[in-house]
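Student: What follows is a protein structure lacking sequence information:
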């Protein structure tokens with residue numbers, strides 16, 4: 001049964017408190033791992049070790065999302081043009097285990113993102129959404145979400161947006177806990193990491209009737 005707007009709004013302060021505590025604990029616990037990854041990225045890809053990109057947050061307000069770099073820069077002479085060509089062996093391993101996402105915990109701590117919610121997509125997609133699809137910006141974007149534990153990049157865009165709206169209309173503590181546990185299982189099982197013909201997900205708008 002869909003929750004009332006009042007029920008969802010009542011949960012949001014609890015969700016934000018859980019985000020702050022969870023992100024802070026995870027940042028402390030993963031600090032040694034992040035240090036090792038930073039050294040590896042600097043050695044294999046050079047500096048900077050972090051990938052920074054503007055993404056739309058709650059209500060479409062832009063923020064700068066942080067991730068570990070996993071790709072080489074575009075280089076036509078070397079044939080590094082597509083995402084698949086630019087993705088390094090180290091980057092592929094980081095993405096397979098979702099370790100490239102660890103710096104995004106800072107975005108959660110700062111209030112740009114949540115641990116659970118619709119994934120933040122590209123700014124250029126904002127004017128491509130239908131009114132229903134644009135509802136995904138009613139909440140903070142998440143590091144993981146219902147779509148990520150329901151097929152990840154193996155889903156079509158329509159399926160992803162459907163899961164986003166389902167989460168927005170039913171979000172609660174039990175659902176968030178279930179998604180977080182399912183995320184661990186999905187990462188271990190390496191489910192839905194790639195989409196056919198692409199390193200991750202086909203750009204939104206390229207699929208016939210995915211950042």
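Tutor: Everything's here; your move. All values reported here derive from a predicted model rather than from experimental measurement.
Student: show me where the chain has helices.
Tutor: Secondary structure of the chain (DSSP state H): helices at 5-45, 83-86, 89-96, 104-109, 157-170, 173-189.
Student: packing partners for the fourth one?
Tutor: This points to helix 104-109. Helix 104-109 is packed against helix 5-45, strand 62-68, strand 142-144, with contacts defined by 3 or more Cβ pairs under 8 Å, 6 or more residues apart in numbering; DSSP states H and E. Quick note: C-beta positions are derived from backbone N, CA and C, even for glycine.
Student: buried ones in it?
Tutor: Neighbour counts over helix 104-109 (16 or more other Cβ atoms under 10 Å) mark 104-105, 107-109 as buried.
Student: quick check, nearest of those to residue 203?
Tutor: residue 104 (20.7 Å; Cβ to Cβ).
Student: contacting residues for the closest residue to that closest one other than its chain neighbours?
Tutor: Distances taken as Cβ to Cβ, 6 or more residues apart in numbering place residue 143 nearest to residue 104, at 5.3 Å, with adjacent residues excluded. By Cβ atoms under 8 Å, 6 or more residues apart in numbering, residue 143 lies in contact with 101, 104-105, 108, 113-116.
Student: Now distance to residue 84 too, for the residues you listed, in a markdown table please.
Tutor: As requested, the contacts of residue 143 are arranged in a markdown table below (distance: Cβ to Cβ, whole Å):
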| residue | distance to residue 84 |
| --- | --- |
| 101 | 19 |
| 104 | 23 |
| 105 | 27 |
| 108 | 29 |
| 113 | 27 |
| 114 | 30 |
| 115 | 29 |
| 116 | 29 |
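Student: ok, back up a step: for the helices and strands packed on helix 104-109, which one sits closest to residue 204?
Tutor: Using Cβ to Cβ, these put strand 62-68 closest to residue 204, at 16.6 Å.
Student: what distance separates that closest one from the centre of its chain?
Tutor: Mean-position distance between strand 62-68 and its chain equals 10 Å (Cα atoms, centre = their mean, to the nearest Å).
Student: ditto for stretch 125-142
Tutor: The answer for stretch 125-142 is 14 Å, by Cα atoms, centre = their mean.
Student: Sounds good, over and out.
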